[in-house]
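In: Based on what follows, work out the 3D shape:
(chains A and B)
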Amino acid sequence: MTPQVHYVLRLADTNLVLAQRLGEWVGHAPALEEDLGLANVALDLLGQARLLLAHAGRLEGEGRGEDELAYLREESEYFNLTLVEQPNGHFGDTVMRQFLFDAWQSGLYEALSRSQDATLAAIAAKGLKEAAYHLRYSGGWLVRLGDGTPESHARVERSLRELWPFTNELFDDDETDRAVVAAGIGVLPSALLPAWDVRVDETLARATLVRPAPVKFAWFGKQGRHSEHLGYLLAEMQSLHRAHPGAAW
Amino acid sequence: MSAQARVPSTPSPELLARLHGILAQVADPEIPVLSVLDLGVVRHLLFRSDGRLEVGIAPTYSGCPANAVIKADVLRALAGAGFDAVAADVLAPPWSSDWLSGEGRRKLEAFGIAPPAGRGPAACPRCRSERTTRISEFGSTPCKALYRCEACLEPFDYFKCI
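Out: Residues are numbered from 1 along each chain as shown, chains lettered A, B, ... in the order given. Now for the predicted structure:
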């Protein structure tokens, strides 16, 4: 697999897995408006994932389309960030995961919209508007929960502490990253950290939450080594396609 | 992109007017008062070297289910008028609410959906009051948010500004 295909799959898988997680909220969110909100964010991420998967399939040139890539890869062939496969938990956990992610994705898409890969640049430029809207939503909820009741504050404070170690991976550079940066295609993860810090610190302050101290913890989802949660998610997501190969609407 | 040389040609002004007439009848599946032209998703019309008519269509929101329906409806309408048409996805420049036509904005408002404007609706589409409150950042389709008018107390849809 070329670094470019690997890189695009990481972006696609990260979006796809998070869309699947958010989709689990449909019919279960605390209010109708949040049901709609989470479903709409999921839909945007899924749409971006489809464009990215189709692009990865074309780059790979082995005839795999978006469906083959989404439904017929095993856990170790998925390259999503470990953060997004973490279970939904309660609404505050989901809001926190989404906020940490949206703050990262906004910066990523902004930088990727200048990629030498014209398709990737176009997907990022389109996704940037959507990501900015998602960040407004998740950030708005984080402020309301953090600066809400003692109960909501305590709950999202715990969400922050639990999810924080997974954010290290967002800014971790590896060989694939360095190869796509050298080719002018990708963005160096560590280069996204300063802007993310500013976004996160500003919102955490408004949410009256304290940024956790740095934690030494490494995750390797983007290299295909996942937490225990991804297998279950894929089993559910892929079950229909595996039971009825080639099924179409 | 195929390596084969393509010599696309643009339709004549008369034919273009006819094509626009056909496309003006193709409604957005979720906001039926808008045509695909009002929505600003038709980016180009050209004849490919193989003689087929290519319609460039920009997706609205990346994951909006209406994208596939819009494409199918456009091709069906053109086929009905005798054109052998194919659709091409156009991602760049990305669609945004700025692509809505002026006519589209007027139709939206008359239909009861506030057109996109900066950070929120300029006025309630029913009573024109400027006192409105956001109920939800997301609505029944990816392109809409929910608002309420503080004067007439009616809830209304707002076409999100992105």
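In: Run through the residues that contact residue 117.
Out: Let's take chain A. Neighbouring residues of residue A:117 by CB atoms under 8 Å, 6 or more residues apart in numbering or on different chains: A:4, A:185. For every residue, glycine as well, the C-beta is placed using N, CA and C.
In: look at chain B instead
Out: Contacts of residue B:117 (CB under 8 Å, 6+ apart): residue B:161.
In: Tell me which residues touch the closest residue to chain A within chain B, please.
Out: For chain B and chain A, the shortest gap (CB to the nearest CB) falls at residue B:63, measuring 2.6 Å. Residue B:63 makes contact with A:19, A:42-48, A:50, B:142 under the criterion CB under 8 Å, 6+ apart.
In: among the residues you listed, who's most crowded?
Out: When neighbours are taken as other CB atoms under 10 Å in any protein chain shown, the top entry among the contacts of residue B:63 is residue A:45 (29 neighbours).
In: Tell me where chain B has strands.
Out: B:42-47, B:53-57, B:85-89, B:113-114, B:132-136, B:144-149, B:155-159 (DSSP state E).
In: Out of the ones you listed, which is the most enclosed?
Out: When those are scored by mean count of other CB atoms under 10 Å in any protein chain shown, the highest mean neighbour count falls to strand B:113-114 (a mean of 23).
In: Quick one: list the elements packing against that one.
Out: Packing contacts for strand B:113-114, counted by 3 or more CB pairs under 8 Å, 6 or more residues apart in numbering or on different chains; DSSP states H and E, involve strand B:155-159.
In: So the strand it packs on, near chain A or not?
Out: No. In terms of CB under 8 Å from any CB of the partner chain, no part of strand B:155-159 sits within range of chain A; the closest distance is 11.4 Å.
In: For residue A:14, grab phi and psi.
Out: Main-chain dihedrals, residue A:14, degrees, to the nearest 10: phi -60, psi -40.
In: any idea how far chain B is from it?
Out: As judged by CB to the nearest CB, to the nearest Å, residue A:14 and chain B stand 14 Å apart.
In: How about that residue: what's its closest non-neighbour residue?
Out: Closest residue to residue A:14 apart from its sequence neighbours, by CB to CB, 6 or more residues apart in numbering or on different chains: residue A:80 at 4.3 Å.
In: now residue A:10
Out: Nearest to residue A:10 is residue A:79, by CB to CB, 6+ apart, at 4.3 Å.
In: List the contacts of the one you found.
Out: A:6, A:9-10, A:13-14, A:221-224.
In: Can I get those residues in JSON lines including secondary structure, neighbour count and pLDDT?
Out: Converted to JSON lines, the contacts of residue A:79 look like this (DSSP: H, G, I helix; E, B strand; the rest coil; neighbours: other CB atoms under 10 Å in any protein chain shown; pLDDT from 0 to 100):
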{"residue": "A:6", "secondary structure": "helix", "neighbour count": "22", "pLDDT": "98"}
{"residue": "A:9", "secondary structure": "helix", "neighbour count": "28", "pLDDT": "98"}
{"residue": "A:10", "secondary structure": "helix", "neighbour count": "24", "pLDDT": "98"}
{"residue": "A:13", "secondary structure": "helix", "neighbour count": "28", "pLDDT": "98"}
{"residue": "A:14", "secondary structure": "helix", "neighbour count": "29", "pLDDT": "98"}
{"residue": "A:221", "secondary structure": "helix", "neighbour count": "23", "pLDDT": "97"}
{"residue": "A:222", "secondary structure": "helix", "neighbour count": "26", "pLDDT": "97"}
{"residue": "A:223", "secondary structure": "helix", "neighbour count": "16", "pLDDT": "97"}
{"residue": "A:224", "secondary structure": "coil", "neighbour count": "19", "pLDDT": "98"}
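In: on that earlier part again, pick out the most distant pair among the contacts of residue B:63.
Out: Maximum pairwise distance among these (CB to CB): 14.2 Å, between A:50 and B:142.
In: right, and residue B:135 touches residue A:33 too?
Out: Yes. Counting by CB atoms under 8 Å, residue B:135 touches residue A:33, with 6.6 Å between them.
In: List the residues that are in contact with both of the two.
Out: In contact with both residue B:135 and residue A:33: residue B:146, using CB under 8 Å, 6+ apart.
In: For residue A:235, which three-state class applies?
Out: Judged by DSSP: H, G, I helix; E, B strand; the rest coil, the three-state class of residue A:235 is helix.
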